[in-house]
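Enquirer: when you get a sec, could you give me coordinates for this:
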Amino acid sequence: MQDMDNVSQLPPFLKELIIEGIAQNTNGSVVFETGVTEPELYGSPTEQAILSFGNKIGAHAHAHWKGSAKTILSSCERYMDGANNPRGIDDEKRKFFEGTIEEMCNNGLRCAALAYQPCELESLPTTIKEPRNLVLLAIIGIKDPCRPGTRDAIQLCNSGSVKVCMVMDYDVLTAQAIAIECGILTDASGRNIRTGAQFRELTDPQREQIAGDILVFAQSSPDDNLLLVQALKKRGHIVAATGMGIHDPKTLREAHVSLAMGVGGTAAAKENSDIIILDDNFATIVKCIIWSRSLYTNVQRSILFRLTVSVSALAICVVEVVVYDAFPLNVVQFLWLNLVIDILGALALAYRPSSGHHLMGKPPVGIRDPLITKAMWSKLIIQVIYLVLSLVLINSEKLLKLKHGHTGNAEKVMNTFVFNSFVFCLVFNEFEIRSVDQTFKQILRENMFLVTITSTIISQIIVIELAGFLSSSTRLDLKKWVTTSLLGLLSQVANRYPYPVNQYYRN
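Expert: A predicted model of the protein is given here:
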């Protein structure tokens, strides 16, 4: 057993290993107070004893630095060679390191550098300041590959008039290479690339003018990102911003829609976001766009159908009272239209599986665009006119040539016929509303829609044939059932006027 005073005789390599073991396996600390020669030891008695032993061996300190390769390299005066010897960095060697960094950046690698600075225990740096006289240890190229499906998702956005702008604090060359790999840029011309410093120096009108053309925003700070979002909003764009860092909340709050990363995002970013992406995948953001567009379109379809039911029923009643001095629909039939036909029809139109390519192929809706477009109003008016004219005309005994021995029964048959024709016109109108941007084959593959339509028809048959006493209606013969079906089918012809599909649900 050797005394602690003789530990200086230990081999140098063994000393290094002992110091590393002590440093990595203790919760204690060594503090050098100003003007005090002996350090202050903190921790349990065992830890203090081990730290004291390490101090006796002759512990030394290294201040380590890591960061952007270009920044760290500019502060390095020496580098560590293969024999663990620090050597000076001359002009030729500096050009070699700079060329290595540039080559990595051109290949889409994020470049970081590691360096250290030997320090005396008594003069350890206590604040973070600009380093000087560092020893370069390594230059590391980090590959940040695109997630599977990201390139396809970006192409889908471009087809749907959704512009993707990549914002990052990376070097311009690295950002450009990543953007080309992901499909944001098509070439390395640099036309759509701006740095945060360049954007910051512009005036507000200049920022607004070029903001919409930026596809890659490199070397940007959180304040630069905020300026970009503000410029895009002033230009009239609808801005969605993603973020994950502690400095992103300002930008997230400024955007119309904010999204935070659920895995790598900080609590600050999540708290200031509208949507949290659980898998941190850009393709999921595109799914959000698809779902929102699908929801918006389905709401429009449901509104159009419900307006058709309500306005048509009102118009038919007004015209029938004026022309024939009779009320065509009774209270129970009105309730049936509003509680069953209306609800089932709206349900059939509100549910629709999302199709990415189909929905992303349309232009986005403007923030001030009305929910009911001009084309929807046109379709509503044409459908109402058709329903009113057809049902008013079929209410004429001369047209139908009804011959019943009892006048009261003939009137009951007529009212039932009008009621049934109205329902079938509405059922076929659901197909017409759905087929604006879908083929008949696509509609037949949607089980929910077909089940709802079938339920509506079966319910109508039951009400007329089996439960007529509930709606004050009577049974109809096969000829009248066929006639009502043909009237509904003919309503499709009335709606077949030319109108661009992409403009139907957009003004």
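Enquirer: only C-alpha atoms from now on, for both contacts and neighbour counts.
Expert: OK.
Enquirer: how far away is the closest residue in space to residue 161 that isn't next to it in sequence from residue 163?
Expert: Excluding its sequence neighbours, the residue lying closest to residue 161 (Cα to Cα, 6 or more residues apart in numbering) is residue 363, at 5.7 Å. Using Cα to Cα, to the nearest Å, residue 363 is found at 12 Å from residue 163.
Enquirer: now for the nearest residue to residue 76 once chain neighbours are set aside: which residues touch it?
Expert: Using Cα to Cα, 6+ apart and skipping the chain neighbours, the partner closest in space to residue 76 is residue 134 (4.3 Å). Residue 134 sits next to 75-78, 115-117 when contact means Cα atoms under 8 Å, 6 or more residues apart in numbering.
Enquirer: pretty sure residue 73 sits against residue 136.
Expert: Yes: Residue 73 is in contact with residue 136 according to Cα atoms under 8 Å; the separation is 7.2 Å.
Enquirer: name the residues contacting each of these two.
Expert: residue 113.
Enquirer: so where is the stretch 401-507 of the chain shaky, pLDDT-wise?
Expert: Low-confidence segments of the stretch 401-507 of the chain, defined by pLDDT under 70: 401-409, 435-442, 470-471, 494-507.
Enquirer: which stretches in it count as helices?
Expert: Using DSSP state H, counting those that start in this stretch, the helices of the stretch 401-507 of the chain run over 407-434, 440-444, 447-465, 468-471, 478-494, 501-504.
Enquirer: out of those helices, which is closest to residue 53?
Expert: Closest approach to residue 53 among those is made by helix 447-465 (77.0 Å; Cα to Cα).
Enquirer: where are the low-confidence patches of the stretch 251-400 of the chain?
Expert: The model of the stretch 251-400 of the chain has pLDDT under 70 over residues 350-358, 395-400.
Enquirer: how about the contacts made by the closest residue to residue 220 other than its chain neighbours?
Expert: In this structure, residue 220 finds its nearest non-sequential neighbour in residue 196, 4.1 Å apart by Cα to Cα, 6+ apart. The contact partners of residue 196, by Cα under 8 Å, 6+ apart, come to 217-221, 224-225.
Enquirer: try it again at 7 Å.
Expert: Residues in contact with residue 196, defined by Cα atoms under 7 Å, 6 or more residues apart in numbering, are 217-221, 224.
Enquirer: quick check: mean pLDDT across stretch 180-195?
Expert: Computed over stretch 180-195, the mean pLDDT rounds to 85.
Enquirer: so how far is residue 226 from residue 426?
Expert: Taking Cα to Cα as the measure, residue 426 falls 50 Å from residue 226.
Enquirer: so these two - more neighbours on which side?
Expert: residue 426 (25 against 19; other Cα atoms under 10 Å).
Enquirer: from residue 270, how far out is the more buried one?
Expert: 46 Å.
Enquirer: do the same with residue 299
Expert: Residue 299 is 29 Å from residue 270, by Cα to Cα.
Enquirer: the two: which has the busier surroundings?
Expert: The neighbour comparison of residue 299 against residue 270 (other Cα under 10 Å) goes to residue 270, with 24 against 18.
Enquirer: so that one sits right up against residue 263, yeah?
Expert: No: contact criterion Cα atoms under 7 Å: residue 270 and residue 263 do not qualify, at 10.3 Å.
Enquirer: how much space between the closest residue to residue 75 other than its chain neighbours and residue 64?
Expert: For residue 75, ignoring the flanking residues on the chain, the nearest one in space by Cα to Cα, 6+ apart is residue 132 at 5.2 Å. Distance, residue 132 to residue 64, using Cα to Cα: 12 Å.
Enquirer: secondary structure class of residue 181, three-state.
Expert: helix (DSSP: H, G, I helix; E, B strand; the rest coil).
Enquirer: what about it, neighbour count?
Expert: Here the number of neighbours of residue 181 (other Cα under 10 Å) works out to 17.
Enquirer: ok, now how distant is it from residue 154?
Expert: Relative to residue 154, and taking Cα to Cα, residue 181 is found at 11 Å.
Enquirer: same question for residue 108.
Expert: Per Cα to Cα, residue 108 is found 18 Å from residue 154.
Enquirer: do the same with residue 290
Expert: 13 Å.
Enquirer: residue 337 now?
Expert: Taking Cα to Cα, one finds residue 337 at 45 Å from residue 154.
Enquirer: which non-adjacent residue is nearest the spatially most central residue of the chain?
Expert: Centroid-nearest residue in the chain: residue 285, 3.0 Å away (criterion: Cα atoms, centre = their mean). Nearest residue to residue 285, sequence neighbours excluded (Cα to Cα, 6+ apart): residue 277, at 7.3 Å.
Enquirer: need the contact list for the one you found.
Expert: 259-262.
Enquirer: which of those residues sits closest to residue 412?
Expert: residue 259 (60.3 Å).
Enquirer: and that closest one, how many neighbours does it have?
Expert: Residue 259 sits with 23 neighbouring residues when counted by other Cα under 10 Å.
Enquirer: for it, give me its contacts.
Expert: Shown in contact with residue 259 (Cα under 7 Å, 6+ apart): 241-243, 273-277.
Enquirer: hang on, the earlier thing: among the contacts of residue 134, which one has the most neighbours?
Expert: Using other Cα under 10 Å as the neighbour criterion, residue 115 leads the contacts of residue 134 with 26 neighbours.
Enquirer: just checking, residue 186 touches residue 180?
Expert: Yes: assessed by Cα under 7 Å, residue 186 is found in contact with residue 180 at 5.9 Å.
Enquirer: what about the two, which has more around it?
Expert: More neighbours surround residue 180 than the other of residue 186 and residue 180, with 15 against 10 (other Cα under 10 Å).
Enquirer: any idea how far residue 301 is from that one?
Expert: Separation of residue 180 from residue 301 (Cα to Cα): 39 Å.
Enquirer: do a quick rundown of the strands in the stretch 151-300 of the chain.
Expert: Secondary structure of the stretch 151-300 of the chain (DSSP state E, counting those that start in this stretch): strands at 166-167, 193-195, 216-218, 240-243, 257-261, 275-277.
Enquirer: same list (these) but as CSV, adding distance to residue 472.
Expert: Output for the strands of the stretch 151-300 of the chain, formatted as CSV (distance: least, Cα to Cα, whole Å):
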stretch, distance to residue 472
strand 166-167, 66
strand 193-195, 72
strand 216-218, 69
strand 240-243, 56
strand 257-261, 53
strand 275-277, 52
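Enquirer: tell me which of those strands sits nearest to residue 48.
Expert: Using Cα to Cα as the measure, strand 257-261 is the one of the strands of the stretch 151-300 of the chain that comes nearest residue 48, at 43.2 Å.
Enquirer: what separates the closest one from the chain centre, distance-wise?
Expert: Chain-centre distance of strand 257-261: 8 Å, with Cα atoms, centre = their mean, to the nearest Å.
Enquirer: number of nearby residues for the nearest residue to residue 475 once chain neighbours are set aside?
Expert: Distances taken as Cα to Cα, 6+ apart place residue 465 nearest to residue 475, at 5.0 Å, with adjacent residues excluded. If you count neighbours by other Cα under 10 Å, residue 465 ends up with 14.
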